[in-house]
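Chemist: Just the structure for this:
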Amino acid sequence: MSKPSALQAVLRPSPDFTDRAYWAGTIKMALSRFFVLQVLHDGPAHGYDIARAVERTTNGCCSPSEGALYPTLREFKQGGYLTSEAEVVSGRERKVYTLTDKGREAFKVGLEAWMDATTALTETGRAATARGKAKGACQC
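Modeler: Below is the predicted model of the structure:
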C-alpha cells in the first residue's frame, strides 16, 4: 500500500466555457483594472471613490471589491504607475492615489488595446449574425 504524497497536485475542474458567468467574470476583472486607470486619469482619488467611480462609469458592470481593488492599486504603485499620499479626512487617514506619467501612458495604451478588441468583437458579432440569418439559425 502506498502512502499519499504531501505534494499531490490538486485537480481543479475545467471552467464551463458555456457559462456566461465565466466570461462575464473574466471580462469584468480585466475591465476593472482598466477603469481604475481611467478614474485616476481624471484626477487623484482615494480607494472608496475609485471603486464607486468605476461602478458609475461602467453603469454597474464593474464594481471592484476591496479584495480586488487594493491589490490592484498596490501592483500599480509597485510598477510606478501611481503614487499614494496619506490625507486626513474627517479624522480618518486615507490614501489618495495619483497617476504618474507612466500611469497615464498605461491608460492610453490600455485604451487603444480595448478599442481594438471592441472593434474586433463588433465585427465578429456582425459576421456571426449574418451567418445565422443566412442559415436560418438563431442569432447570437
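Chemist: Quick check: buried residues in whichever helix in the chain runs longest?
Modeler: The longest helix of the chain (DSSP state H) is helix 101-135. Buried positions in helix 101-135, judged by neighbour count with 16 or more other CB atoms under 10 Å: 103, 106-107, 110. Where C-beta positions appear, they are placed from N, C-alpha and C, glycine not excepted.
Chemist: Strands along the chain, start to end?
Modeler: Counting by DSSP state E, residue ranges of the strands within the chain are 45-46, 82-89, 92-99.
Chemist: Could you identify which of those strands is most buried?
Modeler: Most buried of those, by mean neighbour count (mean count of other CB atoms under 10 Å): strand 45-46, with a mean of 18.
Chemist: hmm, back to that, quick one: the longest helix of the chain to strand 92-99, angle?
Modeler: Taking axes from the mean of the first three to the mean of the last three CA atoms, to 10 degrees, one finds helix 101-135 and strand 92-99 inclined to each other by 70 degrees.
Chemist: Give me the angle between helix 101-135 and strand 82-89.
Modeler: Using the same axes, to 10 degrees: helix 101-135 against strand 82-89 is 110 degrees.
Chemist: helices or strands next to helix 101-135 in the packing?
Modeler: Contact analysis of helix 101-135 by 3 or more CB pairs under 8 Å, 6 or more residues apart in numbering; DSSP states H and E lists helix 20-42 as its packing neighbours.
Chemist: and the angle for the helix it packs on with helix 101-135?
Modeler: Between helix 20-42 and helix 101-135, the angle formed by their directions is 140 degrees, by the same axes, to 10 degrees.
Chemist: Give the buried residues for helix 20-42.
Modeler: 28, 31-41.
Chemist: Out of the buried residues of helix 101-135, the closest to Ala120 would be?
Modeler: Compare each of these with Ala120 using CB to CB and the shortest gap goes to Gly110, at 15.7 Å.
Chemist: so where is the chain shaky, pLDDT-wise?
Modeler: Counting by pLDDT under 70, the chain has low-confidence residues at 1-8, 134-140.
Chemist: wait, what's in contact with Gln38?
Modeler: The contact partners of Gln38, by CB atoms under 8 Å, 6 or more residues apart in numbering, come to 54, 57, 107, 111.
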